[in-house]
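Novice: Sharing a sequence plus its predicted fold:
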Amino acid sequence: MLKVPDIENVISRARSGDDKAVTEIISGLMPCVEATAHLYSQSSVPYQDLIQEGLIGAVNSIFSFDASREAGFATYAQRCISNSIISAVRKGNGKKQSVLNNSVPLDDVSITAEPHKSNPEAIVSMNERIESIYTFISTQLTELERDTILLHIADESIAQIAQKLDISEKSASNALARARKKLNSAFI
C-alpha cells in the first residue's frame with residue numbers, strides 16, 4: 001500500500017514536473033497495480049497489459065486527485081487503477097479493437113518488477129525506467145501529441161479528444177499515432 005508521508009506535498013511536486021515525486025508515488029502504488037491486475041489475469045487481456053493499464057490509472061490519479069473530496073489519495077488511486085484495468089478488460093473482451101492495439105506493451109518497455117518481492121537493486125532499476133519514460137513523454141512529444149495521448153490514456157475516444165482539443169478527428173488520430181510510434185521506437 002502507498003505509504004508516502006505528506007502525500008499532498010509529493011502530489012504537488014509531481015504535478016509541477018518533479019520526476020522523483022512521480023516515481024515515488026508510482027513505486028508506492030505498484031503493489032496495488034499488481035494485485036488488481038492479478039484479479040483479472042484470467043481475462044483475454046495479457047497480464048503485462050493489465051499492469052500497464054494499472055500504471056496508466058496510477059499516473060492519472062496523480063493529476064486528477066482533488067484533496068477537497070472525502071476520499072484520501074490512496075483510496076482514490078486504487079479506484080483509478082481498478083477502473084483503468086476494468087476498462088481494458090471490457091475493451092479486450094467486447095470490441096474488435098483490443099488493448100494491444102492501443103498501448104505499448106510493458107514487456108517491450110521493461111517496467112515490470114515486483115517491488116515487494118525484489119531486491120533493492122531491482123527497485124532502483126524499475127524507478128529509473130519509470131523516470132525515463134515519464135521524462136520522455138514530458139520532453140520528446142509535441143504539446144499536441146502529449147495532450148492527445150494523455151486524453152487517450154484517460155479513456156477518451158478520438159471524437160472526444162478532437163472536441164476537447166478543438167481539432168479534427170483526423171488530426172487527433174494522427175497525433176495519437178505519432179505519439180505511439182515515438183514511444184515504441186524509444187522503448188522497444
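Specialist: Thanks, I have the structure now.
Novice: pLDDT-wise, which helix or strand of the chain ranks last?
Specialist: Between all helices and strands in the chain, the lowest mean by mean pLDDT, DSSP states H and E belongs to helix 106-109, at a mean of 45.
Novice: And the next helix or strand past it?
Specialist: Sequence-wise, the next helix or strand downstream of helix 106-109 (DSSP states H and E) is helix 120-140.
Novice: Now do the next helix or strand after that next one against helix 120-140, angle only.
Specialist: Toward the C-terminus, helix 120-140 is succeeded by helix 143-153 as the next helix or strand (DSSP H and E). Counting by axes from the mean of the first three to the mean of the last three Cα atoms, to 10 degrees, helix 143-153 lies at 130 degrees to helix 120-140.
Novice: In helix 143-153, which residues are buried?
Specialist: Buried residues in helix 143-153, counted by 16 or more other Cβ atoms under 10 Å: 144, 145, 146, 147, 148, 149, 150, 151, 152, 153. For the C-beta atoms, the positions are set from N, CA and C on the backbone; glycine is no exception.
Novice: what's the answer for stretch 53-72, then?
Specialist: Using 16+ other Cβ under 10 Å as the test for burial, stretch 53-72 gives 53, 54, 55, 56, 57, 58, 59, 60, 61, 62, 65.
Novice: try stretch 31-41
Specialist: So for stretch 31-41, counting by 16+ other Cβ under 10 Å, buried means 32, 33, 34, 36, 37, 40.
Novice: got those residues as JSON lines, with distance to residue 18 and pLDDT columns?
Specialist: Formatted as JSON lines, these follow (distance: Cβ to Cβ, whole Å; pLDDT from 0 to 100):
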{"residue": "32", "distance to residue 18": "21", "pLDDT": "88"}
{"residue": "33", "distance to residue 18": "21", "pLDDT": "90"}
{"residue": "34", "distance to residue 18": "24", "pLDDT": "90"}
{"residue": "36", "distance to residue 18": "26", "pLDDT": "88"}
{"residue": "37", "distance to residue 18": "27", "pLDDT": "88"}
{"residue": "40", "distance to residue 18": "31", "pLDDT": "83"}
